[in-house]
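[1] Can you look at this prediction? I've put the sequence above it.
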Amino acid sequence: RFGNTVCAWPGCPEGRGFDELGEKGFYQGIVTDGGQVELAFVPFARHRYEILEVDVTGKTPREAVEAALPPDTARDLYRIILTGETGEAGAGAEGLQEALADRFYALEVRDRTRVAEDIWARAEEDSLRGLFLRELRQKLESSGSIFHTTTDSEVIAYIIVQERLKTSSIEAAVSAAMGHIEGAYSLVISSPTKLIAVRDPHGFRPLCMGHLKDGSVVFASESCGLDAVGASFERDILPGEIVVADKNGVKSDRSHCGIVPRRLCVFEFIYFARPDSVIDGSSVHIARQRAGAFLALEHPVQADIVIGVPDSGLDAAMGYARQSGIPYGMGFIKNKYIGRTFISPTQDLRENEVNIKLNPIRSVVEGKRVVLIDDSIVRGTTCRRTIDLLRKAGAKEIHMRVSAPPFVSECYYGTDIDDKNKLIANHHTVEEIAEIIGVDSLGYLSIEDVVKLADNTQGGFCTACFGGGYPTAVPQDSGKDRFECKISERKA
C-alpha cells in the first residue's frame, strides 16, 4: 500500500493484482511477470484528470515520476503512464511511497510484449468500470449485447457471466463484476452448487443472513423475511461483502468492504422496510416512532387526535402522539388487497388506488382537529386525495406532518424519483404546498433529524433525494422508461 493507492508489483504471490476504491477514484493493480511499469488513475467520481507520459529509460520509476509531477498539486488527479525500459522487474518500486504519497493514482504492471492488446482491453474494461446499470446497459447494447427484459438484474447477470469467462469461480466473477457497477444493489445469486449474497460497497440497501433449524443458510433483504420462514437471524451482510454458502459451509469475501463510506438509504426506515424488521442493528418500528417524536418537537400544534396514513405513517403517528400528549386514533381502514400507490407507474393509477386503498373512519375524525402523519409528499396528488377523504368524513381541521424532509432531487439508488421537475417541493414553498393539498398547516421532518432515526446503525445515511448530496457520480440519462423502446427510438 503506497499512500492513497493500492499497488502490486512483479513477484507478488501468483502474480495476481487487486483492486480498491479510494476516496477520490478507482485504483487498479494488475501484475504479470514483465519488467515494464504503467501507472494509471481511473477516476471513480468522473473527475477530470491530467495525463502525464513519463519515459523511465535509464531511471527508476521514482526518479521519473518526481521529475514529471508539477509541484504544489498534491490533491490533483493523475493518470501517469510510464514508458520505456525499467530494467530489472520492479526496480525502484520502494521509492514510490515517498514520491506519490499525497497523489491519487493507480498502478498497473504489464508485460511489454502485450502492450497493444492490453491497451485495448484496458480501454474496454475502464469504459465499463464504476457505471450505473443504465449506462452499462447502453454501452453493452452498443457493442451488440441483446437483452430480453428492462430489469437491472439482467444487466448484472450479464456482467457476471462476462467475468465468469475470465475467472476461476462464480464468486470471483461476482467480485470482478462489482468493479463495473456503481450504485445501489443487494443480490442473492444461485449457482448449481453455491448460494451467494452480495451487498454494494455503500450499503444503500439492506441484506441479512440467517439459518434454519437444519443448518441451511437463508438470505433476505429484511429480517422479517427470516421470521416468515422460521429462520433465526445471524447478522447483516456488510456493505461490500460477498458471502458464499455451499456444502463446505459459509465463507466471506470482504475485499470490497470499507473502500467507500457507508450510506444506507434513510428512506428504508421511513417507508420501504416493514416495521417488524431490524436493519443494520436498528428497529424500523422504533425509528419511525422517533420520526414522529421529532415532528412533535419541531412542529407542535393544538389538536384533538393524531392519526397515521397506513401503513408507514402509523408508527410515526404513535411517536407524535406520545411526544405531544395528543390521543392517538385509527383514522383509516386500509384495503389489505392493494399494494403501495407510491410505486404505481402512472398518476391515474396512483389516484384511483387511493380511493380503493383507504377509507376514513367517520366516528374518529368527524368534528375534530386532526393531526395527519404520512411518510412523504412526492408529487402531492395522492396526498390531496387522502386529505379530501378526511374532509368528506367531517374533519374540522387537518394539520399534516410528514416524517421525511421534502423531496427535492432525483434518486438513482432505488426510490422511484427520476425527474425532480415532478416534485412539488421544487416548485412551491411549504405554505403553498399546504394550500395546494388542502391542509390547515404543514410540517416536514428536518434533514438534521432524519439522520438521527436509527441510532444503533453505524455509518452514515444517504439523503440525496432530500438535497443531502449524492455519494456517487450520477448517470447522465436517468429516465426510468428509457429501455422500454427500441434503441433507434431513444433520444440521443
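    Thanks, I have it. Numbering: from 1, shown residues only.
[2] all helices of the stretch 351-492 of the chain, in order?
    Using DSSP state H, counting those that start in this stretch, the helices of the stretch 351-492 of the chain run over residues 362-365, 381-392, 430-437, 447-450.
[3] Contacts for the first one next, please.
    Defining contact as Cβ atoms under 8 Å, 6 or more residues apart in numbering, one finds that helix 362-365 is touched by 305, 307, 329-331, 390, 393-395. In short, each C-beta sits where N, CA and C put it, glycine included.
[4] Out of those residues, which is nearest to Leu264?
    Ile307 (29.0 Å; Cβ to Cβ).
[5] element containing the closest one?
    Ile307 is part of strand 305-308, with elements assigned from DSSP states H and E.
[6] what comes into contact with the helix or strand that that strand is followed by?
    Using DSSP H and E, the helix or strand that follows strand 305-308 in sequence is helix 314-324. Under the criterion Cβ under 8 Å, 6+ apart, residues 275, 284-285, 288-293, 295-297, 300, 306-308, 326-328, 371, 373, 375, 401, 403 lie in contact with helix 314-324.
[7] 6 Å - rerun?
    With contact meaning Cβ atoms under 6 Å, 6 or more residues apart in numbering, helix 314-324 is reached by 275, 285, 288-289, 291-293, 295-296, 306-308, 328, 373, 403.
[8] Ok, stretch 397-410 next?
    With contact meaning Cβ under 6 Å, 6+ apart, stretch 397-410 is reached by 270, 291, 295, 299, 301, 303, 316, 369-378, 387, 390, 417-418, 420, 423, 425-426, 439-445, 447, 450, 464-467, 478.
[9] List only buried entries from those residues.
    Applying 16 or more other Cβ atoms under 10 Å to the contacts of stretch 397-410, the neighbour count classes 270, 291, 295, 299, 301, 303, 316, 369-378, 387, 390, 417, 420, 423, 425, 439, 441-445, 450, 464-466, 478 as buried.
[10] Out of those, list just those in strands.
    369-374, 441-444 (DSSP state E).
[11] hmm, back to that, among the contacts of helix 362-365, list the two that are farthest apart in space.
    For these, the maximum inter-member distance is 15.8 Å, found between Met330 and Gly394 (Cβ to Cβ).
[12] Now do the helices in the stretch 151-300 of the chain.
    Going by DSSP H, counting those that start in this stretch, the stretch 151-300 of the chain shows helices at 152-164, 170-178, 223-228, 267, 284-298.
[13] Any idea which of the ones you listed gets closest to Leu133?
    Minimum separation from Leu133 across the helices of the stretch 151-300 of the chain (Cβ to Cβ) falls at helix 152-164, 4.6 Å.
[14] The closest residue in space to Gly380 that isn't next to it in sequence - how many residues pack around it?
    Excluding the flanking residues, the one nearest Gly380 by Cβ to Cβ, 6 or more residues apart in numbering is Ile424, at 3.9 Å. Neighbourhood size, Ile424 [other Cβ atoms under 10 Å]: 20.
[15] And the pLDDT for Ile424?
    The model reports Ile424 with a pLDDT of 96.
[16] need the contact list for it.
    Listed by Cβ under 6 Å, 6+ apart, the contact partners of Ile424 are 379-380, 433.
[17] ok, those residues vs Thr150, which is closest?
    Closest to Thr150 out of the contacts of Ile424 is Arg379 (22.8 Å), distances taken as Cβ to Cβ.
[18] Can you list the buried residues in stretch 406-417?
    By 16+ other Cβ under 10 Å, the buried positions in stretch 406-417 come out as 406-415, 417.
[19] measure Ala157 to Leu195 for me?
    15 Å (Cβ to Cβ, to the nearest Å).
[20] ranking the helices of the stretch 351-492 of the chain by burial, who's on top?
    Burial of the helices of the stretch 351-492 of the chain is given as mean neighbour count (mean count of other Cβ atoms under 10 Å); helix 381-392 ranks first at a mean of 18.
[21] So which elements touch that helix?
    helix 347-357, helix 430-437 (3 or more Cβ pairs under 6 Å, 6 or more residues apart in numbering; DSSP states H and E).
[22] Of those, which shows the lowest average pLDDT?
    If the helices and strands packed on helix 381-392 are sorted by mean pLDDT, helix 347-357 sits at the bottom with a mean of 63.
[23] what does the model give Arg1 for pLDDT?
    Arg1 is assigned a predicted lDDT (pLDDT) of 29.
[24] ugh, typo on my part, it should be Pro360
    94.
[25] My read is that it contacts Arg391, right?
    No: between Pro360 and Arg391 there is no contact under Cβ atoms under 6 Å: 9.4 Å.
[26] thinking again about what came up before, Ile237 is nearest to which of the helices of the stretch 351-492 of the chain?
    The nearest among those, by Cβ to Cβ, is helix 447-450 at 24.1 Å.
[27] for the stretch 101-250 of the chain, which spans come out with low pLDDT?
    By pLDDT under 70, the low-scoring segments of the stretch 101-250 of the chain are 101-132.
[28] Try it again at 80.
    Applying pLDDT under 80 to the stretch 101-250 of the chain flags the ranges 101-135, 143, 150.
[29] residue ranges for the strands of it, please.
    107-110, 186-190, 195-199, 208-211, 217-220, 232-236, 242-246, 249-253 (DSSP state E, counting those that start in this stretch).
[30] May I see these arranged in CSV, with distance to Val174 and mean neighbour count as well?
    Shown next, in CSV, are those (distance: least, Cβ to Cβ, whole Å; neighbours: other Cβ atoms under 10 Å):
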stretch, distance to Val174, mean neighbour count
strand 107-110, 22, 24
strand 186-190, 7, 17
strand 195-199, 6, 23
strand 208-211, 16, 21
strand 217-220, 14, 21
strand 232-236, 19, 14
strand 242-246, 6, 20
strand 249-253, 9, 13
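[31] May I see the ones you listed organised as TSV, with distance to Val266 added?
    What follows is these, written out as TSV (distance: least, Cβ to Cβ, whole Å):
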stretch	distance to Val266
strand 107-110	37
strand 186-190	16
strand 195-199	17
strand 208-211	18
strand 217-220	20
strand 232-236	16
strand 242-246	25
strand 249-253	26
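[32] Between those, which one is closest to Gln138.
    Closest to Gln138 of those, according to Cβ to Cβ: strand 186-190, at 21.0 Å.
[33] so what secondary structure elements neighbour the closest one?
    Against strand 186-190 (3+ Cβ pairs under 6 Å, 6+ apart) you get strand 195-199.
[34] now Thr151: how far from Gly210?
    Look at Thr151 and Gly210: by Cβ to Cβ, they are 26 Å apart.
[35] Over to Pro405?
    Counting by Cβ to Cβ, the gap from Pro405 to Gly210 is 33 Å.
[36] that older thread, now, among the ones in strands among the buried ones among the contacts of stretch 397-410, which is nearest to Thr472?
    Set against Thr472, the nearest of those by Cβ to Cβ is Tyr444 (25.4 Å).
[37] From one end of stretch 177-187 to the other, what's the distance?
    Stretch 177-187 stretches 12 Å from its first residue to its last (Cα to Cα, to the nearest Å).
[38] where's the closest residue to Val229 other than its chain neighbours relative to Asn248, distance?
    Distances taken as Cβ to Cβ, 6+ apart put Val218 closest to Val229, at 6.4 Å, once the chain neighbours are dropped. Using Cβ to Cβ, we find Val218 at a distance of 18 Å from Asn248.
[39] That concludes my questions; thank you for your assistance.
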